[in-house]
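[1] This is a predicted model, with the sequence first.
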Amino acid sequence: MIKKILILLVVLVIIGGFFDYYVRSYKSQNESEIDFSINTGDNLLVIGNNLSKKGIISYNFLFYYYAWKKEIRGKMISGGYSIPPHSSLAEISSIFISGNAKIQRKKTVDVLFREGLTIKQMAEILKKNNLPYDDFLKLAKNPSAELRTRFSFLQNVNSLEGYLFPAKYNLY
């Protein structure tokens, strides 16, 4: 019985060693540079899922394991980043921890949408700040199928009038 347990432990250690080596040597799947965002409040699970959805990594659990092993949970800084092609998990994590977000190299503008503004008034605020107000108007007046699918409460809505949250937004 003890011999079987020891054999099982040895096998598990060997499998664990191979898995650890695989994670450390893993390279991202992207063939070109990909923009990636970490929003304020995103946790490790959200970041891993988003990396997987963007096609940067194949399996989000690889990122979870790497972040757990390197104790970087909670150290990643929100922002917009560029992920170079075929980056290792160490390189990706380093980008997120450094805080050298691509968005920080661009000019950002604070835009305040007060309660009660119409879509047209919001577009005028965007226009005054040299932001793409035409694209905003087009999307707000006729939400895309992707947006309607993502947010079920927009299924039968012809416009986003009254659905846009009044707040201060930092846009670039």
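    Cool, the structure landed.

[2] Enumerate every residue touching Gly99.
    77, 79 (Cβ atoms under 8 Å, 6 or more residues apart in numbering). Where C-beta positions appear, they are placed from N, C-alpha and C, glycine not excepted.

[3] and Ile56, how far is that from Ala145?
    Using Cβ to Cβ, to the nearest Å, one gets 25 Å for the distance from Ile56 to Ala145.

[4] So which of these two has more stuff around it?
    Ile56 (18 against 7; other Cβ atoms under 10 Å).

[5] Quick one: classify the more buried one as helix, strand or coil.
    coil (DSSP: H, G, I helix; E, B strand; the rest coil).

[6] What does the pLDDT read for it?
    As predicted, Ile56 sits at a pLDDT of 90.

[7] so it sits right up against Ile83, yeah?
    Yes: Ile56 lies in contact with Ile83 (Cβ atoms under 8 Å); the separation is 5.6 Å.

[8] Name the residues contacting each of the two.
    Counting by Cβ under 8 Å, 6+ apart, the shared contacts of Ile56 and Ile83 are 28, 30, 34, 36, 92.

[9] Mind putting the residues you listed into CSV with distance to Leu160?
    Shown next, in CSV, are these (distance: Cβ to Cβ, whole Å):
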residue, distance to Leu160
Ser28, 35
Asn30, 32
Ile34, 28
Phe36, 26
Ile92, 34
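
[10] can you list contacts of stretch 64-77?
    Here stretch 64-77 makes contact (Cβ under 8 Å, 6+ apart) with 19-20, 23-24, 26, 38, 42-45, 47-48, 89-90, 93, 96-99, 101.

[11] so of the residues you listed, which ones are in helices?
    When helices are assigned by DSSP state H, the members of the contacts of stretch 64-77 inside them are 19-20, 23-24, 44-45, 47-48, 89-90, 93, 96-98.

[12] residues in contact with Asn50?
    Applying Cβ under 8 Å, 6+ apart to Asn50 gives the contacts 36-38, 42.

[13] Now rank these by neighbours and give me the top one.
    So for those (other Cβ under 10 Å), the most neighbours sit at Phe36, 21 neighbours.

[14] Counting by contacts, list what the helix or strand where that one lies packs against.
    Taking DSSP states H and E as the definition, one finds Phe36 inside strand 34-38. With contacts defined as 3 or more Cβ pairs under 8 Å, 6 or more residues apart in numbering; DSSP states H and E, strand 34-38 has these neighbours: helix 44-53, strand 79-83.
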